[in-house]
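Asker: Pasting the sequence and the predicted model now:
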Amino acid sequence: ACRQTPKIVDAAEALATIPDLFNFWLSGALVSEYTNATTTQLVDAAKRTWATRLAGEIGLPTRLLLRIVQPGTIVGTLRASASEAHAGTPIVAPASHDTASAVASVRVGGSTAFLSSGTWSLLGTEVAAPVISAKARDLNFTNEGGVGGTIRLLKNINGLWLLQACRRAWAAEGRLEPYDDLLAQAADPALAFASLVDPDHPTFLNPEDMPAAIGAFCRQTAQREPASRAAFARTILESLAMKYRLVLGWLEELTGERITELRIIGGGSRNRLLNQLTADATGRTVLAGPVEATALGNVAVQAIATGAVPSLADARRLIERSFPAERFEPIAPERWDAPYRRFLDYVEFTCA
């Protein structure tokens with residue numbers, strides 16, 4: 001924008017992300033909420049302030065950068081122009097990044113990692129300080145802002161997008177069975193470990209035909225192609241579980257913590273087959289839920305800010321009691337060891 005539309009940048013008064021803009025419209029206060037600001041790649045992870053030198057190097061005027069506020073800050077009150085009936089209501093900047101709010105809803109850190117599961121997967125943990133190292137960079141982990149002074153150390157992984165894209169292709173053919181029926185068929189043990197893919201192979205990002213892309217990957221890695229829709233689903237879910245196992249190992253290397261529990265949150269936590277396969281593949285206890293973790297974390301931060309709940313720990317306990325997690329224990333995890341070694345070869349194929 002600085003190069004292509006310099007007049008617009010020169011005329012601008014501030015750089016606001018979408019959540020900050022909503023807060024401005026509601027309250028008249030223009031600030032930058034920390035968790036979302038960290039996803040711009042313009043925040044110094046260690047200092048937790050704008051990386052002004054970096055902004056200057058890319059030609060972004062630092063005068064546009066707003067004051068950063070922490071999630072849970074009351075930025076103002078609701079303007080009468082927005083709602084006369086509710087004018088004066090406190091406007092709280094929540095953890096406006098959706099994953100930050102989702103993670104705020106559950107107890108994580110130490111021996112418990114989180115997996116925000118949906119179209120995409122975000123696997124990580126909550127730490128007190130950013131992990132900035134060559135290893136973290138090479139493994140493509142990111143340090144994003146969390147609630148209460150925490151950092152979300154996480155890695156982005158492909159997710160149920162692969163299955164969604166397959167179902168879109170099948171729908172175009174005029175036949176689409178219900179999602180639950182497909183998963184029930186995919187649970188057939190006879191389909192186990194027939195074909196595996198690296199979910200993060202570039203060809204799976206946005207192919208015109210996802211089943212064809214998966215089939216091509218299988219041919220290129222000397223595997224047989226899935227022979228049915230249930231087989232495609234099983235391949236996708238097992239491959240995701242394998243990738244979670246790999247990334248959990250990397251996370252342990254970066255943090256020095258042994259992870260024994262994985263908390264799956266978001267819409268993907270409703271996929272009970274994937275939850276069980278993840279427990280089996282990783283050899284770790286899986287706790288699934290809440291589904292609406294982002295909304296609950298948002299409400300929790302606002303409740304703390306307005307004094308309705310004393311602390312984040314109290315809010316998390318309240319959410320846990322109100323929305324109990326479903327527990328999945330590993331079943332015969334040793335059966336996954338040989339297929340996992342095979343899976344690592346396919347990850348190497350992606351890197352090559």
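Answerer: Great, that's in hand.
Asker: Could you point out the longest helix of this protein?
Answerer: Using DSSP state H, we find that the single longest helix of the chain is helix 229-255.
Asker: buried residues in that helix?
Answerer: Using 16 or more other Cβ atoms under 10 Å as the burial criterion, the residues of helix 229-255 that qualify are 229-248, 250-251, 254-255. In short, each C-beta sits where N, CA and C put it, glycine included.
Asker: Over to stretch 295-302?
Answerer: Neighbour-count burial for stretch 295-302, counted by 16+ other Cβ under 10 Å, picks out 296, 297, 298, 299, 300, 301, 302.
Asker: go on, stretch 208-216?
Answerer: 210, 211, 213, 214, 215, 216.
Asker: Please produce TSV containing those residues, extended by distance to residue 4.
Answerer: Compiled in TSV, the buried residues of stretch 208-216 are given as follows (distance: Cβ to Cβ, whole Å):
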residue	distance to residue 4
210	34
211	39
213	33
214	38
215	40
216	37
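Asker: chain center to stretch 161-172: distance?
Answerer: 21 Å (Cα atoms, centre = their mean, to the nearest Å).
Asker: Quick one: residues in contact with that stretch.
Answerer: Counting by Cβ atoms under 8 Å, 6 or more residues apart in numbering, stretch 161-172 makes contact with 119-120, 176, 179, 182, 199, 204, 207, 209-212, 214, 229, 232-233, 236-237, 240, all of which sit outside it.
Asker: rerun that using 7 Å as the cut-off
Answerer: 119, 120, 176, 199, 204, 209, 210, 211, 229, 232, 233, 236 (Cβ atoms under 7 Å, 6 or more residues apart in numbering).
Asker: before we move on, the earlier item: relative to residue 339, which of the buried residues of stretch 208-216 is nearest.
Answerer: Distances from those to residue 339 were compared by Cβ to Cβ; the smallest belongs to residue 214, at 16.7 Å.
Asker: Surely the closest one and residue 197 touch.
Answerer: Yes: here residue 214 lies in contact with residue 197, judged by Cβ atoms under 7 Å, at a distance of 5.9 Å.
Asker: could you pull out the strands for the stretch 101-250 of the chain?
Answerer: Using DSSP state E, counting those that start in this stretch, the strands found in the stretch 101-250 of the chain span residues 112-117, 120-127, 142-145, 151-158.
Asker: Go through these and pick out the most buried.
Answerer: A comparison of the strands of the stretch 101-250 of the chain by mean neighbour count, using mean count of other Cβ atoms under 10 Å, puts strand 112-117 on top with a mean of 26.
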